[in-house]
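S.K.: Here is a sequence with its predicted model. Questions after.
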Amino acid sequence: MTDSLPQTPQPEVPKPENSALPETASSEALSSEPKDSYVKLAMRNMVKKRGTSLFHFALTTFGVLAALVGLSVAFH
């Protein structure tokens, strides 16, 4: 039923050019390479700030263990 309808071609929409950004070799290299994933950026940041990451991990571990011990004492 819908096969008998003629197909109308869709007009091509030109992509807007951003003339506000200057064209440099570094911006062209960045645009041609795929962007890093969120996980890769997070891992790179964690390696870069090793002391902060270890402190936050230790603080989180201590907090979770304290909460579990607190709950076990409260409901014993």
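M.R.: Right, received. Where do you want to start?
S.K.: only C-alpha atoms for contact and neighbour calcs from this point on.
M.R.: Noted.
S.K.: ok, and what's touching the helix or strand harbouring Gly63?
M.R.: According to DSSP states H and E, Gly63 maps onto helix 50-74. Helix 50-74 has contacts (Cα atoms under 8 Å, 6 or more residues apart in numbering) with Met46.
S.K.: Quick one: mean pLDDT for that helix?
M.R.: Averaging pLDDT along helix 50-74 gives 95.
S.K.: Flag every buried residue along that helix.
M.R.: By neighbour count on 16 or more other Cα atoms under 10 Å, the buried set for helix 50-74 is empty.
S.K.: Quick check: Phe62 vs Val47, distance?
M.R.: Separation of Phe62 from Val47 (Cα to Cα, to the nearest Å): 22 Å.
S.K.: Let me fix that, I meant to ask about Lys40.
M.R.: On the measure of Cα to Cα, Lys40 and Val47 end up 11 Å apart.
S.K.: First-to-last residue distance for stretch 34-41?
M.R.: End-to-end distance (Cα to Cα), stretch 34-41: 13 Å.
S.K.: quick one: Ala67 from Thr60, how far?
M.R.: 11 Å.
S.K.: Could you do Lys49 as well?
M.R.: Lys49 is 17 Å from Thr60, by Cα to Cα.
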